[in-house]
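Participant: turn this into a model:
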Amino acid sequence: MSDTTNVPRQPATWRIVLAAILDFFTIFWAAGFFVASTFGGRTENGFALDGGPAFLCFALIVAYFVVFNKFLGGTIWKRILRAKRTDR
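Facilitator: Numbers count the residues shown, from 1 in each chain. As a prediction, the model looks like this:
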């Protein structure tokens, strides 16, 4: 018998970091434009949020990471880059 077990390979650290960065920019842009369009924060160059709408955007960003990682098996970019860790 062999002492080695069938251990799945872990993704490279650069994939995990890149996925986190791309996820943050993606959800920041999407949530920012959604909140700005809803509450009137759109500008010529994008959006500008302050006060309640900025807090709502922040809450949507946090919710994205929590919901996707906990309940849906990983965020969008983690799935695209195959950067999901299997030891957790």
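
Participant: give the contact list for the residue sitting nearest the centre point of the chain.
Facilitator: Nearest to the geometric centre of the chain sits Asp23, at 3.4 Å (Cα atoms, centre = their mean). Each residue near Asp23 by Cβ atoms under 8 Å, 6 or more residues apart in numbering is listed here: 64-65, 75-78. Every C-beta, even on glycine, is put in place using the N, C-alpha and C of the backbone.

Participant: list only buried entries from these.
Facilitator: Burial by neighbour count, judged by 16 or more other Cβ atoms under 10 Å, picks out 64, 75, 77-78 from the contacts of Asp23.

Participant: where do the helices sit along this protein?
Facilitator: 13-39, 52-71, 76-81 (DSSP state H).

Participant: figure out which of those is closest to Asn45.
Facilitator: When the helices of the chain are ranked by proximity to Asn45, the top entry is helix 13-39, at 11.4 Å, counting by Cβ to Cβ.

Participant: pull out the buried positions in the closest one.
Facilitator: Judged by neighbour count (16+ other Cβ under 10 Å), helix 13-39 contains these buried residues: 15-16, 19, 22-23, 27, 31-32, 35-36, 39.
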